[in-house]
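Novice: here is a sequence with its predicted model. Questions after.
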Amino acid sequence: MAVVNGVDPDEIRKLLDQKKHMEVFLSVCVSCGMCADSCFLYVNHNKDPSYMPSYKAVHSLGKMYRKKGKVTREELEEMKELVYKKCVLCTRCYCPVGISIPGMIAWARNICRSQGVFREYDERDSENIEMKQHV
Amino acid sequence: MYDFLIGPMLALSLVVFIAGIAYRVYQFFSITEARPKPEANLPKDLARTVAAREKDEYLRIDSAADILLKWKLRLKRTILGRAPVMSSVTIVFHTMLFLLPVVTVGHSILLDNYFGISLPTLSETTVDTLTLVFIIVIFFFLFRRIFVAKVRSVSTWRDYLALFVTGAPFVTGYMAFHHWFDYKTVLYIHIICGELMLIAIPFTKLVHMPFFILSRFLIRYELGFGKGSRKWVENT
């Protein structure tokens, strides 16, 4: 049984090392922001930058690579929203340089899952509650 | 000083540049593998149907009328059609980035001295004007990075470094041509900046120069330019 509250950096590291091409992707990304308009979630959420494909990849998998797997539980919890709720893996995002973004987000999900960070379907959705109050 | 900069220093930076690019190309081929081609074993008619289906039916050009009628739809599917301003500025930027150093008269003389090659050049006034346009475009990119929320949210110091390394040779070259400040000092800084850019290409975000060509032409996906003979290695 994996640790409940801690994080296993070695396991994350092992998973990160499996994907050499994603490390190259992250070092190549020129942060041009051209992928933004290809994401329907970005377009439909009032152009909130956190829905941008490259933002989701850089701030989840990119963060893990930068910290060499030594991420804390809090950071994983932050990533949870990014990789599970803000992306549906529709694979329609394009990159001018030719980076495959959905693969990176899917792998970030995989790493989160290995540490026991799942999408919670019974989570109370703060956005929806606010909307209901207005109605 | 000048002889050192355009002699051994230039040779060193060129060696680092070429070796770095060679390493990056090698790295690309080590993280990709040849794609199996199941369609090659199909009967000819079937293969043709499959190939036709792979292209978007809506955008496929089958007749002369399609060429006339579908260009707008096809344009909408490209980045040029989706973000016309940014992509045209990018095209101008990258064209001039490669063109300007080659067509400058001073550089051509150096090239002639070294290898006896002479390339076509543009007049000095033209190059001067184009450099000014280039510098304006660099500032466009800088301000875009600072003020556009979506770009700022993913920018790191490495992006600013890449922009700085690209811009510095052009700005100092412009300054040297107009004899601002002390000509010799500015010229030395210009040469050093140019060599630093060459050295930086394989190691900073500027590595998208080889990666862009390799990835867009060799990897198989909907927006690829080439035939797509390779794919990423999933587990290494």
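Specialist: Structure's in. What do you need? Residues are numbered from 1 along each chain as shown, chains lettered A, B, ... in the order given.
Novice: okay, CA-based contacts and neighbour counts for the rest of this
Specialist: Noted.
Novice: phi, psi of residue B:230?
Specialist: phi -130, psi 160 (degrees, to the nearest 10).
Novice: ignore the last one, residue B:34
Specialist: phi -70, psi 140.
Novice: what's the burial count for it?
Specialist: Here the number of neighbours of residue B:34 (other C-alpha atoms under 10 Å in any protein chain shown) works out to 14.
Novice: residue contacts, the closest residue to it other than its chain neighbours?
Specialist: Excluding its sequence neighbours, the residue lying closest to residue B:34 (C-alpha to C-alpha, 6 or more residues apart in numbering or on different chains) is residue B:230, at 4.4 Å. By C-alpha atoms under 8 Å, 6 or more residues apart in numbering or on different chains, residue B:230 lies in contact with B:32, B:33, B:34, B:35, B:218, B:219, B:220.
Novice: drop anything exposed from those residues.
Specialist: When the contacts of residue B:230 are checked for burial by 16 or more other C-alpha atoms under 10 Å in any protein chain shown, the buried set is B:32, B:218, B:219, B:220.
Novice: TSV please, covering the residues you listed and showing secondary structure, distance to chain A and pLDDT.
Specialist: Putting the buried ones among the contacts of residue B:230 into TSV (DSSP: H, G, I helix; E, B strand; the rest coil; distance: C-alpha to the nearest C-alpha, whole Å; pLDDT from 0 to 100) gives the following:
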residue	secondary structure	distance to chain A	pLDDT
B:32	strand	8	88
B:218	helix	10	89
B:219	strand	8	87
B:220	coil	10	84
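Novice: so which of these comes closest to residue A:54?
Specialist: Using C-alpha to C-alpha, residue B:219 comes nearest to residue A:54 of those, at 19.5 Å.
Novice: look up the residues forming beta bridges with that closest one.
Specialist: Beta-bridge partners for residue B:219, by DSSP bridges, are residue B:230.
Novice: I'd say it and residue B:228 touch.
Specialist: Yes - contact criterion C-alpha atoms under 8 Å: residue B:219 and residue B:228 qualify, at 4.7 Å.
Novice: neighbours around residue A:62, how many?
Specialist: Counted by other C-alpha under 10 Å, the residues lying close to residue A:62 total 22.
Novice: sorry, slip of the keys, the one I care about is residue B:9.
Specialist: 16.
Novice: what's near enough to touch it?
Specialist: Contacts here follow C-alpha under 8 Å, 6+ apart; on that basis residue B:9 touches residue B:195.
Novice: for residue B:225, same thing?
Specialist: Residue B:225 makes contact with B:216, B:217 under the criterion C-alpha under 8 Å, 6+ apart.
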